[in-house]
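1. A structural model of the following input is requested.
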Amino acid sequence: MSTAIVPMHKAKSTLSQLVKRAAGGETIFIGSYGRAEAVLSSVANAKPKKRLGLLEGRLIVPDDFDEPLPAEILAAFEGKAK
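-> Numbers count the residues shown, from 1 in each chain. The predicted structure is shown next:
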């Protein structure tokens, strides 16, 4: 398990072996000219997706939230405040 960068051409020709290594838990760096440009890793190492509805039932949206703003507040947003 090394942190060497696999050159792009070699990665193209040995993709199936690299995928097997990544599935086994190894993180593969792919790049060119000694610089990593991509990472190949196991799906098990992937970050979990963000959950929608995390604050459901905890926030209260007022009935008038989409009503026009009062003139003085609107003027402040537009930089015309007195």
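
2. any idea of the mean pLDDT for the lengthiest helix in the chain?
-> With secondary structure taken from DSSP state H, the chain has its longest helix at helix 15-23. Across helix 15-23, pLDDT averages out at 95.

3. That helix packs against which elements?
-> If contacts are counted by 3 or more CB pairs under 8 Å, 6 or more residues apart in numbering; DSSP states H and E, helix 15-23 sits against strand 28-32, strand 35-40. C-beta here means a position set from N, CA and C on the backbone, and glycine is covered the same way.

4. Could you single out the most deeply buried of the ones you listed?
-> Among those, the stretch with the highest mean neighbour count (mean count of other CB atoms under 10 Å) is strand 28-32, at a mean of 17.

5. what's that one packed up against?
-> Helices and strands touching strand 28-32, as assessed by 3+ CB pairs under 8 Å, 6+ apart, comprise strand 5-7, helix 8-13, helix 15-23, strand 35-40.

6. got those as a markdown table, with distance to residue 65 columns?
-> Shown next, in a markdown table, are those (distance: least, CB to CB, whole Å):
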| stretch | distance to residue 65 |
| --- | --- |
| strand 5-7 | 51 |
| helix 8-13 | 51 |
| helix 15-23 | 47 |
| strand 35-40 | 42 |
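
7. Deepest-packed of the ones you listed, please.
-> Comparing those by mean neighbour count (mean count of other CB under 10 Å), strand 5-7 ranks first with a mean of 17.

8. List of residues touching it?
-> Outside strand 5-7, the residues within contact range by CB atoms under 8 Å, 6 or more residues apart in numbering are 14, 18, 28, 29, 30, 31, 32, 34, 35, 36.

9. nearest to residue 8, of those?
-> Relative to residue 8, the closest of those is residue 32; by CB to CB it sits at 4.9 Å.

10. and the residue lying closest to that closest one once chain neighbours are set aside, what is it in contact with?
-> Excluding its sequence neighbours, the residue lying closest to residue 32 (CB to CB, 6 or more residues apart in numbering) is residue 8, at 4.9 Å. Residue 8 is in contact with 30, 31, 32, 37, counting by CB under 8 Å, 6+ apart.
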